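Visitor: sequence first, predicted model second:
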Amino acid sequence: MAKIGMPGDGVAAIAASALRAEQARMRVIAENMANSSSTAQTPGGEPYRRQVPVFKVLRMEGGDGVQMAGVKPDPSAFTKAYNPGHPAADASGYVLLPNVDGLVEGLDMKQAMRAYEANLNVLETQDAMEKRTLDLLKR
């Protein structure tokens, strides 16, 4: 027997996939922020490397959704700070610092939150439309 769904079922599935993807993106950003000052503990070691979420198209009935496929390391260079007493300082006294920029992470978080809210609004609007349709059919 074929499944009969509401006309907006595909829209809800697409918006739900985006909610999950943005939630995962926010976790990656939060991890970056939490590790923004995580340096190596041994001389010559590398500090925390910023992670970048990677998304992919998720083929769904009713349209294309989105899914976070994973994360990849940000290849940008580390900065150096002079701190000769640090355990990770090189022979010149410099320590490599993570390639995490708090401003960039903050802006990425804001963008992810807005995308999450937009998809949540899609679901809320669809729910309101379905309730209104049922109310009209009851008359």
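Guide: Sure thing, it's come through.
Visitor: how close does the residue positioned nearest the centre of the chain get to Ala77?
Guide: Nearest to the mean C-alpha position of the chain, by C-alpha atoms, centre = their mean, lies Arg25 at 1.0 Å. Look at Arg25 and Ala77: by C-beta to C-beta, to the nearest Å, they are 24 Å apart. Yep, even glycine has a C-beta here, placed from its N, CA and C like the rest.
Visitor: how about Ala30?
Guide: 23 Å.
Visitor: go on, Met26?
Guide: 26 Å.
Visitor: pLDDT below threshold where in the protein?
Guide: 1-8 (pLDDT under 70).
Visitor: mind checking the SS state of Ala69?
Guide: Under DSSP: H, G, I helix; E, B strand; the rest coil, Ala69 falls in the strand class.
Visitor: residue ranges for the strands of this protein, please.
Guide: 51-60, 63-73, 79-82, 94-97 (DSSP state E).
Visitor: of Ala30 and Ala77, who's got more company?
Guide: Each of Ala30 and Ala77 has its neighbours counted (other C-beta atoms under 10 Å); Ala30 has more, 13 against 8.
Visitor: in contact with that one: list those residues for me.
Guide: Met109 (C-beta atoms under 8 Å, 6 or more residues apart in numbering).
Visitor: I figured His68 hits Arg25, correct?
Guide: Just to correct that, residue 68 is Met rather than His. Yes - contact status for Met68 versus Arg25: in contact at 6.3 Å, counting by C-beta atoms under 8 Å.
Visitor: how close does the spatially closest residue to Met109 that is not a sequence neighbour get to Val52?
Guide: Nearest non-adjacent residue to Met109, counting by C-beta to C-beta, 6 or more residues apart in numbering: Ile29, 4.9 Å away. Per C-beta to C-beta, Ile29 is found 10 Å from Val52.
Visitor: look up how far Val71 lies from Val54.
Guide: For Val54 relative to Val71 (C-beta to C-beta), the value is 6 Å.
Visitor: looking at those two, which is more packed in?
Guide: Val71 (17 against 13).
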